[in-house]
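In: This is a predicted model, with the sequence first.
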Amino acid sequence: MKQDMIVILDLGGQNNTAIARAVRSLGVYSEIHPHDISRDNLSQLPNVKGIIINGGKNNMVDGAAIDIDHSIYEAGYPLIAVAHEPAKCENKRKSWPETEEETATLLKDFIFHNCQAKPNWNMKNFVEDQVELVKKQVGDKRVLLALSGGVDSSVVAALLIKAIGKQLICVHVNHGLMRKGESETVLEVFKNQLDANLIYVDASERFLKKLENISDPEQKRKIIGAEFIRVFEEEARKLDGIEFLAQGTIYPDIVESGTKTASAVKAHHNVGGLPKDLNFSLVEPLYHLFKDEVRACGLELGLPNAMVYRQPFPGPGLGVRCLGAITKERLEAVRESDAILREEFAKTGLDKKVWQYFTVVPDFKSVGVKNHARSYEYPVIIRAINTIDAMTASIEQIDWPLLLKITDRILKEVPHVNRVCYDLSPKPCATIEWE
Ligand code: XMP
């Protein structure tokens with residue numbers, strides 16, 4: 001193994017992730033683990049050089065104060081305890097330092113002096129270590145992965161191809177609600193360039209049929225989610241001898257879904273939502289990474305920039321941007337107008353500045369004139385927002401000439417459209433998506 005590691009044990013500290021990142025910023029790999037990890041499990045983690053016991057406000061679970069497995073105190077690791085009073089720990093502090101500078105001084109002293117860790121955390125070493133760990137975990141067995149083309153699943157795929165090659169079977173389900181060219185890019189990158197074992201399922205018609213005449217947004221989302229799992233399961237059942245399921249779970253998914261010491265923000269589909277009778281063990285090589293690190297990992301593995309810096313895209317895809325009951329006609333209008341918007345943003349470099357941008361087609365028409373005749377067609381709504389965490393958002397103030405150019409192109413190139421609007425609403429009161 002290439003990297004040394006500092007383990008942070010979560011005893012209810014709210015700043016676990018900040019500490020993990022502070023350790024990494026000093027060039028040492030860090031992982032956060034639950035407070036009740038056993039000494040055995042801890043000793044199986046590679047190259048652990050020291051432990052930070054991070055106590056804090058949430059140090060009660062089910063009404064009882066929590067502590068670590070006491071035998072860990074005897075295991076010989078250098079330990080530092082913050083806001084926690086352990087039985088046998090030399091190094092304890094009442095609280096974490098206030099400033100970044102003090103934090104760095106404290107951590108430097110602990111990591112490099114007490115723990116004698118080396119600053120050898122970088123993406124090249126991370127990838128090499130994960131390749132070794134995955135090989136050890138999987139042996140000669142086969143691994144299944146739902147490859148959506150999103151950043152996380154793409155990076156997992158590239159990492160596993162490097163580790164186990166054709167033992168990885170990727171399934172890409174095209175639900176017919178992908179953006180223009182997206183499934184094609186997945187095929188080009190993974191099948192043609194990386195020579196992946198890739199099963200492509202075109203389930204577009206099947207999804208459209210299920211969604212016919214369904215106009216309620218929540219019902220649409222549920223149908224798309226459930227159908228996706230059904231299609232994926234059908235493919236899984238056709239394959240024999242699969243023992244592992246790979247997932248692009250990353251650390252923020254774990255935090256948001258709730259840990260032992262923190263309650264859930266929202267359930268993530270890749271945390272705890274596995275079909276019960278498919279008896280897979282999980283392979284989650286990105287489990288301890290943050291989003292920016294996942295992107296760096298993708299670049300290290302040679303994935304194209306467009307894939308690694310892809311803007312967020314909802315699971316139900318264009319289905320929530322083709323408002324109300326989905327029709328082929330309006331779905332095509334969303335797809336084509338979205339492609340024009342992306343193209344024009346890329347030309348001006350706005351694609352690197354704006355957090356998320358897309359088009360929406362509502363299920364009502366308005367009157368217009370086209371080729372000297374009355375038209376009765378759909379509007380396209382453009383939305384471009386900036387945010388830090390998607391909980392609140394403000395709109396991008398796009399220059400008029402660019403908006404006019406995009407409007408002109410949409411009106412000329414997209415069938416069944418006679419009007420273009422710009423959405424000025426921040427979140428709140430609006431949400432980022434329209435459904
Ligand atoms: P809202 O519309 O809730 O969106 O303000 C916040 C962010 O989440 C994305 N989004 C989703 N992502 N599955 C996802 O993976 C979903 O069902 C989903 N719905 C919304 C949305 O694009 C925005 O970035």
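Out: Good, I have the coordinates. Please read all numbers here as calculations on a predicted model, not as lab measurements.
In: Mind checking which residue lies nearest the centre of the protein?
Out: By C-alpha atoms, centre = their mean, the chain has its centre lying nearest to residue 152, at 5.1 Å.
In: what about whichever strand in the chain runs longest, distance to the chain center?
Out: Determined from DSSP state E, the single longest strand within the chain is strand 373-386. Relative to its chain's centre, strand 373-386 lies at 30 Å (C-alpha atoms, centre = their mean, to the nearest Å).
In: repeat for stretch 394-402
Out: 27 Å.
In: Which of the residues in it are classified as buried?
Out: 395, 396, 398 (16 or more other C-beta atoms under 10 Å). Any C-beta I mention is one placed from the backbone N, CA and C, and that applies to glycine too.
In: of all those, which comes closest to residue 131?
Out: Of all these, residue 131 sits closest to residue 396, with 39.5 Å by C-beta to C-beta.
In: Can you give me the distance of the closest one to residue 331?
Out: Between residue 396 and residue 331 the computed distance is 25 Å (C-beta to C-beta, to the nearest Å).
In: Get me the contact residues on the stretch 301-435 of the chain for the ligand.
Out: Residues of the stretch 301-435 of the chain lying close to the ligand (C-beta under 6 Å from any ligand atom) are 312, 314, 315, 316, 356, 390, 427, 431, 432, 433.
In: Contact partners for the first one?
Out: Going by C-beta atoms under 8 Å, 6 or more residues apart in numbering, residue 312 touches 355, 356, 390.
In: Just the buried ones among these, please.
Out: Of the contacts of residue 312, these count as buried by 16+ other C-beta under 10 Å: 355, 356.
In: Which of the contacts of residue 312 fall in strands?
Out: residue 356.
In: Could you dump the contacts of residue 312 into JSON lines with pLDDT added?
Out: Formatted as JSON lines, the contacts of residue 312 follow (pLDDT from 0 to 100):
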{"residue": "355", "pLDDT": "97"}
{"residue": "356", "pLDDT": "98"}
{"residue": "390", "pLDDT": "91"}
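In: Which single one of the buried residues of stretch 394-402 is nearest to the ligand?
Out: Lowest distance from the ligand to those (C-beta to the nearest ligand atom) belongs to residue 395, with 12.7 Å.
In: rewinding a little: doesn't the residue nearest to the centre of the chain belong to a helix?
Out: Yes. Under DSSP: H, G, I helix; E, B strand; the rest coil, residue 152 sits within a helix.
In: who's in contact with residue 316?
Out: 177, 220, 221, 224, 225.
In: Look up how far residue 380 lies from the residue lying closest to residue 304 once chain neighbours are set aside.
Out: With C-beta to C-beta, 6 or more residues apart in numbering as the criterion, residue 304 has its nearest non-adjacent residue at 6.5 Å, and that residue is residue 189. Using C-beta to C-beta, residue 189 is found at 29 Å from residue 380.
In: buried ones in the strand or helix carrying residue 346?
Out: Under the criterion of DSSP states H and E, residue 346 resides in helix 328-348. For helix 328-348, a neighbour-count test (16+ other C-beta under 10 Å) marks 330-342, 344-345 as buried.
In: next one: stretch 44-63
Out: 48, 49, 50, 51, 52, 53, 54, 55, 56, 58, 59.
In: Okay, angle between the helix holding residue 346 and strand 373-386 too, please.
Out: Angle of helix 328-348 versus strand 373-386, following axes from the mean of the first three to the mean of the last three C-alpha atoms, to 10 degrees, is 50 degrees.
In: Now the element after helix 328-348, going C-ward?
Out: That would be, after helix 328-348 and using DSSP H and E, helix 350-353.
In: What average pLDDT does that next one get?
Out: Helix 350-353 carries an average pLDDT of 96.
In: what about it, distance to the chain center?
Out: Taking mean C-alpha positions (C-alpha atoms, centre = their mean), helix 350-353 and its chain are 19 Å apart.
In: Then stretch 26-43?
Out: So, by C-alpha atoms, centre = their mean, the centroid of stretch 26-43 is 22 Å from its chain's centroid.
In: got it, and stretch 358-367?
Out: Per C-alpha atoms, centre = their mean, the displacement of stretch 358-367 from the mean C-alpha position of its chain is 29 Å.
In: Which residue ranges make up each domain of the chain?
Out: 5-114, 123-308, 327-422 (automatic domain parsing).
In: give the contact list for the residue of the stretch 1-150 of the chain found nearest the ligand.
Out: Relative to the ligand, the nearest point of the stretch 1-150 of the chain is residue 150 (7.9 Å; C-beta to the nearest ligand atom). Under the criterion of C-beta under 8 Å, 6+ apart, the neighbours of residue 150 are 248, 310, 313.
In: Perfect, I'm done here.
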